[in-house]
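Colleague: I would like the atomic coordinates for the input below:
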Amino acid sequence: MEWIKIDKSLPNDKEYVLVYGKGGRNVVAYYKDGKFLALDYWHDDFEECEELTHWMKLPKPPMKLISMTDYIFLMRENNAKDNIRRFWACEKYAQFLKQPLKLEMFVPCDEEGNIIDEKEIIEDTETFFRHGIAREKVLFKDIPMNEIDIQMLKVYESKNKTIEELFNETADLDFILTDNAIKQL
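Modeller: Okay, here's the model as predicted:
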């Protein structure tokens, strides 16, 4: 994302953006009716930002695993006028959710399904390259895995449980998708 000079272009009305001013301060502002408004935390109100020079769109938040129903509603909001694209996006997401669980979706594993030990990567060039290939199969970010979690996933894998079933059974957890997972969508 690039900074955009305010005298060149302005954001869409009723859009949150990051702004930069002459004082060197960055804040998130709400653009409405030709004004940039920032939240004044002391007074629990908005105040107009002054002496701004640049703005940029906010980055998209990390994509997390959501239910199929929520995904359909999200697609309706984002692609309301393009039913065909919305249909295919929902189809791809449904296929993603129906994938059988594998340990390699959570941690890098070798061809036999064994977790690749991080210590071996430093010591062995072949393991380093296998780890890189294995990382491509990881679909979920930053999930700390202890031995109990690993055993539970192996049981799920042996019962042919799907990503969707895991999500439904652990709805209180946030599964953040990796870039490789997002490419599948």
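
Colleague: Would you list the phi and psi of residue 20?
Modeller: phi -130, psi 130 (degrees, to the nearest 10).

Colleague: What residues are bridge-paired with it?
Modeller: Residue 20 has these beta-bridge partners by DSSP bridges: residue 26, residue 54.

Colleague: And it, how close does it get to residue 59?
Modeller: Applying C-beta to C-beta, to the nearest Å, the value for residue 20 to residue 59 is 15 Å. (Each C-beta comes from the backbone N, C-alpha and C, glycine too.)

Colleague: Name the residue in the two with the higher neighbour count.
Modeller: Ranked by neighbour count (other C-beta atoms under 10 Å), residue 20 and residue 59 place residue 20 first, with 17 against 8.

Colleague: If I look at that one, what pLDDT would I see?
Modeller: If you check residue 20, the pLDDT there is 90.

Colleague: quick one: it and residue 54 touch, right?
Modeller: Yes - Residue 20 lies in contact with residue 54 (C-beta atoms under 8 Å); the separation is 4.4 Å.

Colleague: which residues are common contacts for the two?
Modeller: Counting by C-beta atoms under 8 Å, 6 or more residues apart in numbering, the residues touching both residue 20 and residue 54 are residue 3.

Colleague: which residues touch the residue nearest to residue 154 when sequence neighbours are not counted?
Modeller: Counting by C-beta to C-beta, 6 or more residues apart in numbering, residue 154 lies nearest to residue 103, which is 6.4 Å off, once chain neighbours are set aside. Residue 103 is in contact with 109, 113, 115, 150, 153, 154, 157, counting by C-beta under 8 Å, 6+ apart.
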